[in-house]
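Engineer: pasting the sequence and the predicted coordinates here, then a few questions.
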Amino acid sequence: MLDAPPLPKASRCGPLLRLIAGQRKVALPFVLELVQSLRFEIRLWATLLVVELPYADAIPAVAGRIFDDDGRVRAAARTAARAIAEHHPTQMIERLSKVALDVEELSTRRVLALDAIGE
């Protein structure tokens, strides 16, 4: 199986994304709202921005995108989860573990949670 190409750093993909990333925690609430967008392109770029905004406040939104229907968004969410886990490992693992250990969850969601924890 071929490895997927690495995801770009959002702030290097245009002046608007660079400006948003530069706003740091001030931008976070607005970015997190976009992480929930119905449009996959918006979810993708917002999730990629979270990689550069690895605050604990982003954990619920990123954890939700681990199970996104779109594989690119899931990959961005795993990258964001790793970035957040560098600063807040316990909180990130606890959030994903709730899904992984919940026998009521679909097995596909449990596997995705385990994969994210493994990364």
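Structural biologist: Right, received. Where do you want to start? Numbering: from 1, shown residues only.
Engineer: what's the local residue count around Leu17?
Structural biologist: Using other C-beta atoms under 10 Å, Leu17 has 19 other residues around it. Where C-beta positions appear, they are placed from N, C-alpha and C, glycine not excepted.
Engineer: counting by contacts, list what the helix or strand hosting it packs against.
Structural biologist: Using DSSP states H and E, Leu17 sits in helix 15-22. With contacts taken as 3 or more C-beta pairs under 8 Å, 6 or more residues apart in numbering; DSSP states H and E, helix 15-22 sits against helix 40-51.
Engineer: how about the very next helix or strand once past the helix it packs on: buried residues?
Structural biologist: Sequence-wise, the next helix or strand downstream of helix 40-51 (DSSP H and E) is helix 59-65. Within helix 59-65, the residues scored as buried using 16 or more other C-beta atoms under 10 Å are 59, 61-65.
Engineer: same deal with stretch 90-103?
Structural biologist: 92, 95-96, 99-100.
Engineer: just to revisit the earlier point, what's in contact with the helix holding Leu17?
Structural biologist: By C-beta atoms under 8 Å, 6 or more residues apart in numbering, the surrounding residues in contact with helix 15-22 are 10-12, 27, 30-31, 45, 49, 52-53.
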